[in-house]
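Participant: no sequence for this one, just the structure:
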């Protein structure tokens with residue numbers, strides 16, 4: 001593993017090419033790259049480490065196998081109070097750091113992206129989605145507030161009316177429809193997703209890094225100035241964890257009779 005990232009678990013894979021393009025792969029393909037609680041810790045640390053990495057000019061994040069990420073792994077035990085507080089803090093770090101990072105971030109959404117997985121993807125600067133990828137906000141399906149990112153960025157991407165509709169219903173959106181609505185930068189055939197992301201990364205890697213960083217900084221004011229909405233939505237999501245009917249909602253989602 002690249003030295004900077006040697007302390008990450010096997011659930012993340014790292015590779016770098018000669019142009020300073022770092023590719024990060026979520027690496028639980030047998031579980032559609034669903035997040036374990038330990039991965040929430042790692043994704044919060046990732047953007048800090050990328051920013052401090054002198055050999056990286058652009059970062060691509062994608063999923064190993066046929067999915068980007070199916071979201072939180074619901075087969076793990078429900079979080080207790082201390083774990084919930086940790087998740088809340090990790091979410092705050094993850095979101096503020098990805099907005100502050102000076103280097104361009106690209107999500108190659110190669111397949112299904114749900115919940116935290118979709119949040120990781122859509123908070124990147126540039127999003128390349130497979131035309132047939134399924135994007136789902138997902139939180140309301142398991143009985144919790146749409147935290148993570150939707151309240152912060154969806155109204156800006158697709159307008160308030162659509163943002164409310166898809167966040168409240170958790171209806172799936174294809175990559176092709178996401179491009180049409182302005183939710184992702186571009187939709188391409190599945191087999192072209194990573195190569196398209198790599199082509200964009202090569203272009204950015206050859207440009208003035210300070211020009212890119214300062215352009216990002218200015219544009220991200222739209223989001224950084226509204227981080228309070230993110231923190232509120234995530235805090236309310238965490239409160240939902242302790243409602244009496246949350247177990248029933250999760251069991252229904254898991255298909256437990």
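Facilitator: Right, received. Where do you want to start? All of these numbers come straight from a predicted model, not from anything done at the bench.
Participant: from here on, just use CA atoms for contacts and neighbour counts.
Facilitator: OK.
Participant: what is the burial count for residue 174?
Facilitator: When neighbours are counted by other Cα atoms under 10 Å, residue 174 registers 19.
Participant: okay, and the beta partners of it?
Facilitator: residue 134 (DSSP bridges).
Participant: surely it meets residue 131?
Facilitator: Yes - Residue 174 lies in contact with residue 131 (Cα atoms under 8 Å); the separation is 6.5 Å.
Participant: how many neighbours does residue 240 have?
Facilitator: By the criterion of other Cα under 10 Å, residue 240 has 16 neighbours.
Participant: I'd assumed residue 246 was in contact with it.
Facilitator: Yes - Residue 240 is within contact range of residue 246, at 7.2 Å (criterion: Cα under 8 Å).
Participant: give me the common contacts of these two.
Facilitator: Common neighbours of residue 240 and residue 246 (criterion: Cα atoms under 8 Å, 6 or more residues apart in numbering): 143-144.
Participant: which residue, other than its chain neighbours, is closest to residue 155?
Facilitator: Excluding its sequence neighbours, the residue lying closest to residue 155 (Cα to Cα, 6 or more residues apart in numbering) is residue 163, at 5.3 Å.
Participant: again with residue 21
Facilitator: That would be residue 58: by Cα to Cα, 6+ apart, it lies 4.9 Å from residue 21.
Participant: show the contacting residues for that neighbour.
Facilitator: Per Cα under 8 Å, 6+ apart, neighbours of residue 58: 20-22, 103-106, 201, 204-205.
Participant: export those residues to a markdown table and tack on neighbour count?
Facilitator: Shown next, in a markdown table, are those (neighbours: other Cα atoms under 10 Å):
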| residue | neighbour count |
| --- | --- |
| 20 | 17 |
| 21 | 21 |
| 22 | 24 |
| 103 | 23 |
| 104 | 22 |
| 105 | 24 |
| 106 | 25 |
| 201 | 23 |
| 204 | 18 |
| 205 | 20 |
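Participant: could you identify the most distant pair in those residues?
Facilitator: 20 and 106 (13.6 Å; Cα to Cα).
Participant: in space, not sequence, find me the middle residue of this structure.
Facilitator: Against the mean C-alpha coordinate of the chain, by Cα atoms, centre = their mean, the closest residue is residue 120 at 0.9 Å.
Participant: show me what the helix or strand encompassing residue 164 is packed against.
Facilitator: If you go by DSSP states H and E, residue 164 is part of helix 160-169. Applying 3 or more Cα pairs under 8 Å, 6 or more residues apart in numbering; DSSP states H and E, we find helix 160-169 packed against helix 150-158.
Participant: report the inter-axis angle for the helix it packs on versus helix 160-169.
Facilitator: Calculated by axes from the mean of the first three to the mean of the last three Cα atoms, to 10 degrees, helix 150-158 forms an angle of 140 degrees with helix 160-169.
Participant: and helix 150-158, how far out from the chain middle?
Facilitator: Distance of helix 150-158 from the chain centroid (Cα atoms, centre = their mean, to the nearest Å) equals 14 Å.
Participant: and if you look at stretch 128-144?
Facilitator: 11 Å.
Participant: now the strands for the protein?
Facilitator: For the chain, applying DSSP state E gives strands covering 12-16, 21-26, 58-63, 105-109, 113-114, 126-130, 134-136, 173-174, 186-188.
Participant: okay if I get these as CSV plus mean pLDDT and distance to residue 36?
Facilitator: Converted to CSV, those look like this (pLDDT from 0 to 100; distance: least, Cα to Cα, whole Å):
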stretch, mean pLDDT, distance to residue 36
strand 12-16, 97, 12
strand 21-26, 98, 11
strand 58-63, 98, 15
strand 105-109, 98, 19
strand 113-114, 96, 14
strand 126-130, 98, 23
strand 134-136, 97, 19
strand 173-174, 98, 24
strand 186-188, 98, 28
